[in-house]
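In: with the input below, show me the fold.
(chains A and B)
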Amino acid sequence: MWRLRTYVKPYLATIVTVMALVFLEVMATLKLPDLMSDIVDQGIARGNIPLIWSTGGIMLAVALAGVLCAVAGNFLASRASTRFGRDLRFDIFSKVGKFAPREFNKFGTASLITRTTNDVQQVQQIFHMSMRMAMRAPLMAVGGVLMVVRKDSNLALILLGLIPVIGLVITYVIVKGVPLFKSLQKKLDRLNLVLREQLMGVRVIRAFDRGSREQERFDDSNRDLTETALKVNRLMVTLLPLLGLIVNFTNIVIIWFAARRIDLGAMQVGDLMAFLQYTMQVFMAVMMLSMIFVMLPRASASAERIIEVLDTEVSITDPKEPETIESNLGIVRFEDVTFSYPGAAKPVLSNITFTAHPGQTTAIIGGTGSGKSTILDLIPRFHDPEEGQITLDGVDIRSLTQRELRSRLGYVPQKAVLFSGTVASNIRGGKQDATDEEVMEAARVAQATEFIKERDDGYESYISQGGTNVSGGQKQRLSIARAVVRKPKVYLLDDTFSALDYKTDARLRTDLAKSAENATIIVVAQRVSTIFHADQIIVLDEGKIVGQGTHETLSRDCAVYQEIVASQFGEEAVS
Amino acid sequence: MSKETEKRGPKGGGGGFGPRGIGRPVDKAKDFKGTLKRLARYMGQYRWSLVIVFMATLLSTLFSILSPKILGQATTVLFDGMLSKLEGLPNAGVDLAAIGRILLVLSSVYVLSAIFSYIQQTVMVNVAQKTVYNMRKDINQKLARLPLKYYDTTSHGDTLSRFTNDVDVISQSLQQSVIEMMSSLISIIGVTIMMLTISPILTLLTAGMLPLSAGISAFIASRSQKFFVRQQNILGQLNGHVEETFTGHTIVKAYGLEHEAEEAFKEVNEELYANGWKAQFVSGTIMPLIRFVGNIGYVVIAVVGGVFVTQGTITIGNVQAFMQYSRQFGMPITQLASIANILQSTVAAAERVFELLDEEEEAADAPDAKALHEPKGKIGLHGVSFGYDADKPVLKDLNLDVHPDQLIAIVGPTGAGKTTLVNLLMRFYDVKQGTITFDDHNILDLTRSNLRTMFGMVLQDTWLFEGSIKENIAYGREGASDEEIFEAAKAAHVDHFIRTLPQGYDTVLTEDASSISQGQRQLLTIARAILADPVVLILDEATSSVDTRTERLIQEAMARLMEGRTSFVIAHRLSTILDADQILVMNHGEIIEQGTHQELLEQKGFYAELYNSQFVAALA
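Out: Numbers count the residues shown, from 1 in each chain, chains lettered A, B, ... in the order given. I've put the predicted structure just below:
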């Protein structure tokens, strides 16, 4: 948690001010019983009514001062903590933006989202609370004890004894409770998992007539959860009556001893009344503090998770002195490239060497796990090879800035990704300043014009988050248009045409070939039928190139290629 | 299948430590009264426990109301003693024996109050937990009785949210709010009486403070609610933006859109800050202000009560007691306000749960439903028409006779039609017009469980649950031996792969089973179907996300599975189609042509066109 101190630093002055305000507020709160004891001992006991009235006036003023301090402190703390949250959130978001897929996948999308949103919220919350409550509690405890000592130092001992007793009880409950709460959460997750599986698998469950087994599985989880919940709650409900009892008995002890001291004339009744109120306030303060201790483990877990993101080293960085590409041709060359994913026993690509030339289509084919998509991902430097190098127009891509390198590429992933916005804004993702004509031309090449026109608002039609309001094929075409609009030197197409029907596929190919006349096209394919006409086909098997040539030569010479062709021909999809 | 969003929206958490519920937007029930009654009925079996809770709450609250008065007596005795000393009376001093007696009584009152409070809480915890236990159980059993129609038309997120969030709300509020509500009501009445017995004038003054604190709470609550609603919306926007940027991470990088994404984030983030601190501030102001009003009351009582004491109309101990009462009086009133909100959202949650429990169930098996013990696999469809919506028929007057061991290929573009047939055969949906027979028995006359065990199903959407590979395969048949499981895996060409895994057959598949590929998952489900050894098979051949080698393994496994069984295959391969005894051609959810490959080609209809355009083109 300490690691986040840099984010707290700008607010040091605020924190000090808030602390001062809280201190004043506490002093005001503590002053009230003191003044009241004056009313009792000086006013009532002596029948001095004007003193009662004037002391009452002072009490009102003190109470008002207290509330003003509280509101002002809350104002400052609210602003500081939300600003702290804002900055932290932005830095995480920005850091994740710099992640290469390696770091990104280490966390996973869902986890990163939680870290950016909920976890920040947690930490922000505890920051706010510690500023106000965490300060308040010790100040109140110390102030209360001081006030009591002033009144009667012997009796103060009783109050001092109370604090550790309450502390012990609360610690006991926390120590017992926290693990129970954790296991409760796990069991709840487990139960939800069981239910989710039942929802997703309802057809299979019914088909195999295994409803009763699922019922049992659910009942087991449900019972398990309920047992733990009962344990946790029974523990928690013991706490309050017990603490109440402790405090009340402390009061009784105080009264008993105070009675003897009053009898001796060493103490006054007003003091006793104030004393009892201090006991209550100290007790409340300690309770509040314990609330923070309950929240602390959660917040500290959140902080850990945030720090983990912030401290992750980005594996792909720009060179200190980047080179630039003089010529602008788009020749992509792999030279003896070997690459393995982190933690993998075997490299996913071994000794890959090939050149993709402008004006030509290079197709990559092979089974899943053969490393096809990985080849494509190496070109925009989503990963860096372990051995060998990749060059663009003769320059090692690692000596270019990522921005410069990627500005020359048109990457279309297997799974089309759209962003919320309009059709046009999505196409413009490829080129921010594209003119309307360029956008329309890109849409035409991607065979998207027809369905865009069918939509009510044409290019200004709304695309919902994740593109859920367009079909898979339409998404893919918009994703292609995004690449086309930037007129890249190199096209990287990852099995892009899989969701298109045969006719559209063919037209797109023809139009793309015309539009990208001088560009290098590298395409990863599943279906053999889509790559017949490629100028160069690279056949991958288990990360190695096992064939390289045209459809004709490979059909003749390459066993793996023949196998792929045989498995697909005559058995091509009907639907 | 994509993961469902389970949350009904980002949970509140914007901060604010005001009294629970105040200032937060509240969810409202459609039929508050009816649902409340029903919830009460639902808990009816615990009525004796609830009576105990009520009695315990009553006693515990009464004792705690009594204690300030007794404490006050002690103070009065002390004060009198002190006064007597001040006045220098003979034998002046505190009556310690009286104090001792009072403290003894006070101790027992404290102990009794604590005991009853413990009883009330413990019993309520039991009631609350058992109620939600039953509620979860009821929901689960209900889900098992619901027709497939419910699953197909309701999002999983919605069902899960009722199961998790709504049940959670109910459990929380049963555990806390019920007791709070009872004790608040008792306190208000009890404290008012006590205050009145001490001093009607002071009571009137204290009551005068009420509109002030109520007004302040209401004013701030309405403002803070506005901020919280806005905060909720902005938070939703922010989450959305983060989610889509992170989901499209590679595209953002590939197109150098990091800067744009950051700018957009900054904007929403800034807005969240601008609104967030206000929400935090306003809600955090409620408590200090209420405390302030409480302090004003405190001062008023101290001053006015003090004056009364000097006049001898009231004892000092009673003033002290009154101060405590005035606090006890204000608290339950603020509490009641927040409880009202909690009650509303609880009833709204209960209403959603009851809605689920009220969904129309699948008709039960007829009492005289039969079970076939030696099924052959002869299937007939006679004049079957069906539609999910009454006005949109999906199948029209369908007739089909399938003899045992025949292969039926279903062909056609993607659409509801192909799965509809499966739905009807397995009685996931019941036919409304026409009849379907299995070995010449109307399937409506068979028990569902008997009918379904005669079918085996391998769909593209593979379903595996969290458990070991062995358990997942064994799902096909209850009580299968290890040997049988291994045999099935071998037949499905997946045995070798499983054995290469570090834990072999005991490898636990995680929820999304990312440890194994889509193709391997499919092989596992085939092994499961092989183990089940069904009479009739329903297969979906689509293997789009599978590489060619695995695809071949799957094909072989499927071919083996089909041997000697009646098979319905959603066909994607020409070889299957050529081998089929009958081909059903579906388009726009209707069977438009029916016959063998040769017959259909001769018809020169849709099938012929499909065949020519796609296969021939692909081969060209």
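
In: report how many residues lie close to the closest residue to residue A:467 other than its chain neighbours.
Out: In space, not counting the residues next to it along the chain, residue A:467 is nearest to residue A:418; the distance is 3.2 Å by C-beta to C-beta, 6 or more residues apart in numbering or on different chains. Heads up, the C-betas are built off the backbone N, CA and C, glycines and all. Using other C-beta atoms under 10 Å in any protein chain shown, residue A:418 is surrounded by 27 other residues.

In: could you do the one 10 residues further on as well?
Out: Neighbour count for residue A:428, taken as other C-beta under 10 Å: 24.

In: check what pLDDT the closest residue to residue B:316 other than its chain neighbours gets.
Out: Excluding its sequence neighbours, the residue lying closest to residue B:316 (C-beta to C-beta, 6+ apart) is residue B:79, at 4.4 Å. At residue B:79, the model reports a pLDDT of 88.

In: what's the burial count for residue B:79?
Out: Residues within reach of residue B:79, counting by other C-beta under 10 Å, total 28.

In: and it, that one's in a helix?
Out: Yes: the assignment for residue B:79 by DSSP: H, G, I helix; E, B strand; the rest coil puts it in a helix.

In: got the contact list for it?
Out: With contact set as C-beta atoms under 8 Å, 6 or more residues apart in numbering or on different chains, residue B:79 has these partners: A:40, A:45, A:269, B:315-317.

In: ok, those vs residue A:65, which is closest?
Out: residue A:40 (22.3 Å; C-beta to C-beta).

In: what helix or strand is the residue lying closest to residue B:234 once chain neighbours are set aside on?
Out: The shortest distance from residue B:234 to any non-neighbouring residue, by C-beta to C-beta, 6+ apart, is to residue B:272 (4.8 Å). Element membership for residue B:272, per DSSP states H and E: helix B:258-311.

In: give me the beta-bridge partners of residue A:492?
Out: Beta-bridge pairing of residue A:492 under DSSP bridges involves residue A:411, residue A:522.

In: that one against residue A:382, yeah?
Out: No: using C-beta atoms under 8 Å as the test, residue A:492 is too far from residue A:382 to be in contact (10.5 Å).

In: report the contact partners of residue A:97.
Out: So residue A:97 contacts B:245, B:252, B:258, B:261-262 (C-beta under 8 Å, 6+ apart).

In: ok, the closest residue to chain A within the stretch 51-200 of chain B - contacts?
Out: Distances between the stretch 51-200 of chain B and chain A by C-beta to the nearest C-beta are smallest at residue B:121, namely 3.6 Å. The neighbourhood of residue B:121, defined by C-beta under 8 Å, 6+ apart, consists of A:237, A:240-241, B:179.

In: element containing it?
Out: helix B:96-145.

In: let's see the helix or strand following that helix as PDB, backbone CA atoms only.
Out: Heading C-terminal from helix B:96-145, the first helix or strand you meet, by DSSP H and E, is helix B:148-153. The C-alpha coordinates for helix B:148-153 follow below in PDB (Å, rounded to 0.1, in the frame of the first residue of the first chain):
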ATOM      1  CA  LEU B 148     -36.500 -24.500 -22.400                       C
ATOM      2  CA  LYS B 149     -38.500 -21.600 -23.600                       C
ATOM      3  CA  TYR B 150     -37.600 -19.800 -20.400                       C
ATOM      4  CA  TYR B 151     -33.900 -20.400 -20.900                       C
ATOM      5  CA  ASP B 152     -34.100 -19.300 -24.500                       C
ATOM      6  CA  THR B 153     -35.900 -16.100 -23.900                       C
END
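
In: give the buried residues for helix B:148-153.
Out: By neighbour count with 16 or more other C-beta atoms under 10 Å in any protein chain shown, helix B:148-153 contains the buried residues B:148-151.

In: burial count for the residue nearest to residue B:234?
Out: Counted with other C-beta under 10 Å, residue B:272 comes out at 23.

In: so who does it touch?
Out: With C-beta under 8 Å, 6+ apart, residue B:272 has these contacts: A:82, A:86, B:231, B:234-235, B:238.

In: quick check, pLDDT for it.
Out: 92.

In: how near is the residue lying closest to residue B:365 once chain neighbours are set aside to residue B:531?
Out: Among residues not flanking residue B:365 along the chain, residue B:447 sits closest, at 4.8 Å (C-beta to C-beta, 6+ apart). Noted for residue B:447: a distance of 22 Å to residue B:531, by C-beta to C-beta, to the nearest Å.

In: and these two? which has more neighbours close in?
Out: residue B:531 (23 against 17).

In: so where does that one fall, helix or strand?
Out: With DSSP H and E as the test, residue B:531 turns up in helix B:518-532.

In: give the other helices and strands that that helix contacts.
Out: strand B:455-458, helix B:469-474, helix B:482-491, helix B:548-562 (3 or more C-beta pairs under 8 Å, 6 or more residues apart in numbering or on different chains; DSSP states H and E).

In: want to throw these into JSON lines with mean pLDDT and distance to residue A:208?
Out: Below are the helices and strands packed on helix B:518-532 laid out as JSON lines (pLDDT from 0 to 100; distance: least, C-beta to C-beta, whole Å):
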{"stretch": "strand B:455-458", "mean pLDDT": "83", "distance to residue A:208": "8"}
{"stretch": "helix B:469-474", "mean pLDDT": "89", "distance to residue A:208": "10"}
{"stretch": "helix B:482-491", "mean pLDDT": "89", "distance to residue A:208": "14"}
{"stretch": "helix B:548-562", "mean pLDDT": "74", "distance to residue A:208": "15"}
